[in-house]
Every structure is written in C-alpha cells, then in structure tokens.
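Student: coordinates only, no sequence provided:
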C-alpha cells in the first residue's frame, strides 16, 4: 500500500519507468528517457523521436515520424506524422495534422486545430481556432474563436478580439489572405479570400474578397 507522499512518489517512479521502457522496446526513440513522464493511456507509434524532459498525459496520440523537442507538455491531444513540435510548447485537447511546425513556445488550448502543413510559431496562442492547410501564424499572435483559410499568412502581433466582456464572437479569414503585422480583428468579422490587411490596422467591418483594408475599417 501507499501510506505517505514518499511512497506515492516511489510508486509513480516505478510506473513511469515501466511505461518508458515499454515504449522504448516498441521502437520509440527517446533521448533522456529518465526525464520523460508519460501517462498510461498515451500512445506513441514506433518511429517517433522524443527529446526529454517532456510530459505526455491523458489520451494523447503521437504518430510515427513526429519529433517532439524538450520541455513540451501535451495533454489529450493528437499529433500526426511528419510534424515537429519545438521546445517549450504546450497542447491541451488540440489536434495537429501531418507535416506541421509548432513552436517553440507555442500554446494550443482546447479546440485548437492545425491542418496539414500549417505553421504555428513562437509565442503564438490558439483557442477554439483552426489553421487550415498551409496557413501560417509564425510570431507573437493570439487566435481565438477563429478560422484561418488555406495558405493564409498571419503577421506578427495579430490579435483576434473575440470577447466583448460578455460574449465570444468568431473571426473568419479566407484562403490566401495576408494579414499585416500588429492587426486587431474585432469579431464578429470576415476577411475574404486573397484579401490584404495593412499592418497596424483595426478591422471592425468585413473585408471582401481581393480587397485592401488599412487603418480602421
């Protein structure tokens, strides 16, 4: 039995070591396995490469050919083949498709979805948002209650202003749009396909397909 915190810690260490050894025997590459914490319901396919220290919890699934660098914490999330998760990234109830780039220092909160080939860079946070195939948000950005279309580029410092103090609203950005740096998108708002938003703009009205929006719209 476990009668005190010291015995609990010892039991947890025995279980942790058994889980790690089982994954190593199955063909999962781990660098620094003594610094790995992995829950019993986590699945990691052979061919994944993991760099400790890191923590995987809940019903997380990591596919083959995924690279997870050190100091990442992932809970109840899916990471598909070919994706690289750079150091100090956190995921919670998120879905990351194949061939994506995540982080470093990225945070995927519940409802965050990245489709094939999407990029989410350093100090980017997503909550209940979707980066469609090939979309990029590479720097210093908050995407909440948002849908970012295929091939769209989100400039550094962009914010989706999704909360008015009482209610949440959605931002939708079309395919192959370009959102300039330091843009505030005040939801609810739609930005069309191939639209261009100038740097430093505050967008409060819809931007039609192919149009340019600058300053305050």
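Tutor: On my side now, so go ahead. Keep in mind it's a predicted model, so treat the numbers as computed, not measured.

Student: residue 201 and residue 159, how far apart?
Tutor: The gap separating residue 201 from residue 159 is 11 Å, by CB to CB, to the nearest Å. For glycine as for every other residue, the C-beta is placed from the backbone atoms N, C-alpha and C.

Student: of the two, which one has the most company?
Tutor: residue 201 (22 against 18; other CB atoms under 10 Å).

Student: what sits against the residue lying closest to the more buried one once chain neighbours are set aside?
Tutor: Closest residue in space to residue 201, ignoring its immediate chain neighbours: residue 183 at 5.1 Å, by CB to CB, 6 or more residues apart in numbering. Taking CB atoms under 8 Å, 6 or more residues apart in numbering, we find residue 183 in contact with 155, 157, 158, 159, 197, 198, 199, 200, 201, 202, 203.

Student: before we move on, the earlier item: got any residues that touch both of residue 201 and residue 159?
Tutor: Common neighbours of residue 201 and residue 159 (CB under 8 Å, 6+ apart) are 183, 184.

Student: pretty sure residue 37 is touching residue 17, no?
Tutor: No. Taking contacts as CB atoms under 8 Å, residue 37 lies outside contact range of residue 17: 10.6 Å.

Student: okay, those two: which has more neighbours?
Tutor: Each of residue 37 and residue 17 has its neighbours counted (other CB under 10 Å); residue 37 has more, 17 against 13.

Student: not counting its neighbours along the chain, what's nearest that one?
Tutor: For residue 37, the spatially nearest residue (CB to CB, 6+ apart) is residue 55, at 4.5 Å.
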